[in-house]
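**Q** Structure of the sequence below:
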Amino acid sequence: MLRRGIVVLAAIVPLVACAGPTQESAAQRAVDRATLTMEDVMSSSSAHDVGQTLKNARAVMICPEVFKAGFILGGSGGTCVLVGRAAAGSWSAPAFYSIGSGSFGLQAGIQDASVIMMIMNDRALNAVINSQFKIGADASLAVATVGAGIGGSTTAALSGDIVTFALERGLFAGVSLDGALLSSDYTADQAYYGSSADARQIVVGMQANNPGANPLRAVLARYGG
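**A** Numbers count the residues shown, from 1 in each chain. Model (predicted):
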């Protein structure tokens, strides 16, 4: 069972709606939820397969709660953090992103899921790290989705530039993110670090730091070292 707090509704509210200390607090909650999501995934029955993929990843995008907001409009969205790996194996501080789509391919009856996107190489990271990136729109990037029946499928999935895992209520579930738009949240980055560092400077240049992100970095180092 995923550990979800009473703040889950905040996951679908853009962080830009806040300002000053409130903005920083919202960003910290996103980082904390991302940390819990990784702990949940790594305590699941498929932890070994996920861990092996993480160990080969160049970066990881963690979206603790991606909501399917309505049956009629089918709107979906959530807040994500992007963390990159340095050559020596350490992990960067997180940059903030939002994910949104007119209609995600969540399975019938699934209202929310935790999504982890393993970004396997620099080419994929450079595409994602831009201000906006639509999943599936770049034909030169292969996006592999690993869902139910994860066992035995991970080796083949590693050939993808981006490998997506979705965890719904403690179980891996099929989810298609084609058409989902990832947008950099520069306002959240500024509030969290108190500087003008952008996503590339944070994730690739590792030019920003906030002690509140240390638990997330430690979890990634533990499981993806």
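**Q** Can you find the helix or strand in this protein with the smallest mean pLDDT?
**A** For the chain, using mean pLDDT, DSSP states H and E, the weakest element among its helices and strands is strand 171-172, scoring a mean of 46.
**Q** So for Ser140, what's the pLDDT?
**A** For Ser140, the model assigns a pLDDT of 77.
**Q** what about the nearest residue to it once chain neighbours are set aside, distance to Ala113?
**A** Closest residue in space to Ser140, ignoring its immediate chain neighbours: Arg123 at 7.9 Å, by Cβ to Cβ, 6 or more residues apart in numbering. Heads up, the C-betas are built off the backbone N, CA and C, glycines and all. Distance, Arg123 to Ala113, using Cβ to Cβ, to the nearest Å: 27 Å.
**Q** which of the two has more neighbours?
**A** Applying other Cβ atoms under 10 Å to Arg123 and Ala113 shows that Ala113 carries more neighbours, namely 27 against 14.
**Q** where does the more buried one fall, helix, sheet strand or coil?
**A** Judged by DSSP: H, G, I helix; E, B strand; the rest coil, the three-state class of Ala113 is strand.
**Q** Then the one 4 residues further on?
**A** Here Met117 is strand, with the state taken from three-state DSSP.
**Q** Share the number of residues neighbouring the closest residue to Tyr186 other than its chain neighbours, please.
**A** Spatial nearest neighbour of Tyr186, excluding adjacent residues (Cβ to Cβ, 6+ apart): Asp198 at 6.3 Å. Residues within reach of Asp198, counting by other Cβ under 10 Å, total 18.
**Q** cool, Asp178 as well?
**A** As a burial measure, Asp178 scores 13 neighbours (other Cβ under 10 Å).
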